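S.K.: can you look at this prediction? I've put the sequence above it.
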Amino acid sequence: MSRAYNFCAGPAALPTAVLEQAQQEILDFQGKGLSIMEMSHRDKVFVDIAEKAEQDLRDLMGISDDYAVLFLQGGASTQFAMVPMNLLGEGETADYINTGQWSKKAIKEAGRYGKINVAASSEDSNFTTVPPQESWKLSANPAYLHYCPNETIGGLEYSFIPEVGGTPLVADMSSTILSRPVDVNRFGMIYAGAQKNIGPAGLTLVIIRKDLLGKAGAHVPAMLNYQTHADNGSMYNTPPTYAWYLAGLVFEWLKKQGGVANMAEINQRKAEKLYGFIDGSDFYSNPVEKISRSWMNVPFVLADDALDKTFLAEADAAGLLNLKGHRSVGGMRASIYNAVPEAAVDALIAFMAEFERKNA
């Protein structure tokens, strides 16, 4: 069976080696006579899987014991509500930076729970740039500052980590986590939906500094309180066990690849190849300022959008899948996460060059 190259923004490509191992273990895990999907989350076999996955993630990201690591459900979109429910006290203000569609959704949701200050926005440039930090209008004493380091839809990425002093920095890293080293100690909290660089949809990671736990008001439901999950090892209720298991396999795979430092070199090389080709063409273009371009999500448009459907149909036929841009922006988008090999980028560039030759 031949595998296509998958450029989907999420659910995204998974490493072939991970899928092959899961395939081998799906009916009978380690001679137990049942699948991980059928196993109790209280079973020592699964507890060991869960604990190893957490430790491997801690090793990959350098997460200290000062942080709790939670394996939750609900996607990053649930975190848009959980963050203010847990970190924004009555009468406090939270600062948000608006750099794309996911930032906008986080801001709208947070506004249900307290006072929100949009300290900076690049909406007036159609989210093609990151506002320089010196232009931000921060609150005097915010409960936290929230930003999205990589906007999946627009392909916009911060080239810096904000300097916020003692203010807890909260980051939606759904699209960029594990793509390169990051100093976790600079953040109060990191969260990420799994379906891009971690594993299958259905799992959400939360990495939260322990001193930020226990701040939720009495009105916050138990399932939406970080303290609940930290106290119960992310097993207050039945967790997404199979997604957790697969994430653990991805963490093992990343270690075998040389960790996130090695992945960063590969990811940078993949992105530079694709952007370099686009910039050298009069047929394709990318609207994002160069310093703010995403390594993970590369949007591009054709000089003649009447050719979009033809481009996508021919790409699919060539085994280059899921290149259609998000419905809100159109055009094309190649998501080149960790599991997308460099050969996929090479194949895409070759296809784009031939398509341009035939249609320019």
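M.R.: Everything's here; your move. Numbering: from 1, shown residues only.
S.K.: can you name the helix or strand that the residue positioned nearest the centre of the chain falls in?
M.R.: The residue lying closest to the centre of the chain (CA atoms, centre = their mean) is S174, at 1.9 Å. Under DSSP states H and E, no helix or strand contains S174.
S.K.: so what's it up against?
M.R.: The contact partners of S174, by CB atoms under 8 Å, 6 or more residues apart in numbering, come to 10, 76, 102, 150, 152, 191-193, 196. No exception for glycine: its C-beta is placed from N, CA and C like everyone else's.
S.K.: tell me the one of the residues you listed nearest S159?
M.R.: Nearest to S159 among the contacts of S174, counting by CB to CB, is N150 at 10.9 Å.
S.K.: distance of that closest one relative to M173?
M.R.: The spacing between N150 and M173, counted by CB to CB, to the nearest Å, is 7 Å.
S.K.: okay, these two: which has more neighbours?
M.R.: N150 (25 against 22; other CB atoms under 10 Å).
S.K.: OK, contacts around that one?
M.R.: Applying CB under 8 Å, 6+ apart, the residues contacting N150 are 156-158, 173-176, 294-297.
S.K.: drop anything exposed from those.
M.R.: 156-158, 173-176, 294-297 (16 or more other CB atoms under 10 Å).
S.K.: need the residues you listed in JSON lines (columns: pLDDT and distance to Y144).
M.R.: Formatted as JSON lines, the buried ones among the contacts of N150 follow (pLDDT from 0 to 100; distance: CB to CB, whole Å):
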{"residue": "L156", "pLDDT": "97", "distance to Y144": "21"}
{"residue": "E157", "pLDDT": "97", "distance to Y144": "21"}
{"residue": "Y158", "pLDDT": "98", "distance to Y144": "17"}
{"residue": "M173", "pLDDT": "98", "distance to Y144": "15"}
{"residue": "S174", "pLDDT": "97", "distance to Y144": "18"}
{"residue": "S175", "pLDDT": "96", "distance to Y144": "20"}
{"residue": "T176", "pLDDT": "96", "distance to Y144": "19"}
{"residue": "S294", "pLDDT": "98", "distance to Y144": "24"}
{"residue": "W295", "pLDDT": "97", "distance to Y144": "26"}
{"residue": "M296", "pLDDT": "98", "distance to Y144": "24"}
{"residue": "N297", "pLDDT": "98", "distance to Y144": "25"}
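S.K.: hey, which helix is longest across this protein?
M.R.: helix 259-279 (DSSP state H).
S.K.: what pLDDT, on average, does that helix get?
M.R.: Regarding helix 259-279, the rounded mean pLDDT is 98.
S.K.: ranges for the strands of the stretch 51-200 of the chain?
M.R.: With DSSP state E, counting those that start in this stretch as the criterion, the stretch 51-200 of the chain has strands at 67-72, 93-98, 115-121, 145-147, 150-151, 156-157, 169-172, 189-193.
S.K.: adding distance to N86, write those strands out as JSON lines.
M.R.: Shown next, in JSON lines, are the strands of the stretch 51-200 of the chain (distance: least, CB to CB, whole Å):
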{"stretch": "strand 67-72", "distance to N86": "11"}
{"stretch": "strand 93-98", "distance to N86": "11"}
{"stretch": "strand 115-121", "distance to N86": "15"}
{"stretch": "strand 145-147", "distance to N86": "12"}
{"stretch": "strand 150-151", "distance to N86": "23"}
{"stretch": "strand 156-157", "distance to N86": "26"}
{"stretch": "strand 169-172", "distance to N86": "10"}
{"stretch": "strand 189-193", "distance to N86": "9"}
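S.K.: out of those strands, flag the one nearest D211.
M.R.: strand 67-72 (9.8 Å).
S.K.: tell me the angle of that closest one relative to strand 189-193?
M.R.: If you take axes from the mean of the first three to the mean of the last three CA atoms, to 10 degrees, strand 67-72 sits at 20 degrees to strand 189-193.
S.K.: list the helices and strands strand 67-72 packs on?
M.R.: For strand 67-72, the elements it packs on are helix 44-61, strand 204-209, helix 226-231, judged by 3 or more CB pairs under 8 Å, 6 or more residues apart in numbering; DSSP states H and E.
S.K.: ok, back up a step: which one of the contacts of S174 sits in the busiest neighbourhood?
M.R.: Sorting these by how many neighbours each has (other CB under 10 Å) puts K196 first, at 30 neighbours.
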